[in-house]
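A.B. asks: sharing a model that was predicted from the sequence below.
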Amino acid sequence: MIIEGVKVYYNTGKLFKTFQMLFKGIVIFNNILNYLSFFTFQIIFKLGKKVLKWFLIYRWFTFFKLFFEKFF
């Protein structure tokens with residue numbers, strides 16, 4: 001009876017350990033995903049700002065070109 005109890009306890013302990021490791025792996029994976037999404041968001045944000053800046057410069061340039069062609 002005691003030996004069976006020890007076996008059950010040992011097996012539940014192993015099960016609990018595997019669950020713990022799985023949970024740790026999920027948490028670590030989740031953290032990595034969060035960091036990756038944050039960095040990708042920052043990269044997209046910076047690229048978007050640069051593209052927007054160049055787009056605005058291009059628009060102003062074309063606007064002035066048309067303006068000077070009309071009046072001069």
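C.D. replies: Noted; the coordinates are in hand. Numbers count the residues shown, from 1 in each chain.
A.B. asks: next, name the residue at the spatial heart of the chain.
C.D. replies: Most central in the chain under CA atoms, centre = their mean is Ser37, positioned 0.9 Å from the mean C-alpha point.
A.B. asks: that one and Lys46: what is the separation?
C.D. replies: Taking CB to CB, to the nearest Å as the measure, Ser37 falls 15 Å from Lys46. The way it works is simple: take the backbone N, C-alpha and C, and place the C-beta from them, glycine included.
A.B. asks: Tyr9 too?
C.D. replies: 55 Å.
A.B. asks: what of Glu69?
C.D. replies: Distance from Glu69 to Lys46, by CB to CB: 35 Å.
A.B. asks: may I have the secondary structure class of Arg42?
C.D. replies: Careful, residue 42 is Gln and not Arg. What DSSP: H, G, I helix; E, B strand; the rest coil gives for Gln42 is helix.
A.B. asks: also the one 5 residues further on?
C.D. replies: Using three-state DSSP, the three-state assignment for Leu47 comes out as helix.
A.B. asks: ok, it - contacts?
C.D. replies: Applying CB atoms under 8 Å, 6 or more residues apart in numbering to Leu47 gives no contacts.
A.B. asks: can you pull out the helices in this structure?
C.D. replies: Ranges of helices in the chain, per DSSP state H, are 2-71.
A.B. asks: give me the neighbour count for Glu69.
C.D. replies: By other CB atoms under 10 Å, the residues close to Glu69 number 8.
A.B. asks: how close does it sit to Gln20?
C.D. replies: 72 Å.
A.B. asks: same question, Phe64
C.D. replies: Taking CB to CB, one finds Phe64 at 66 Å from Gln20.
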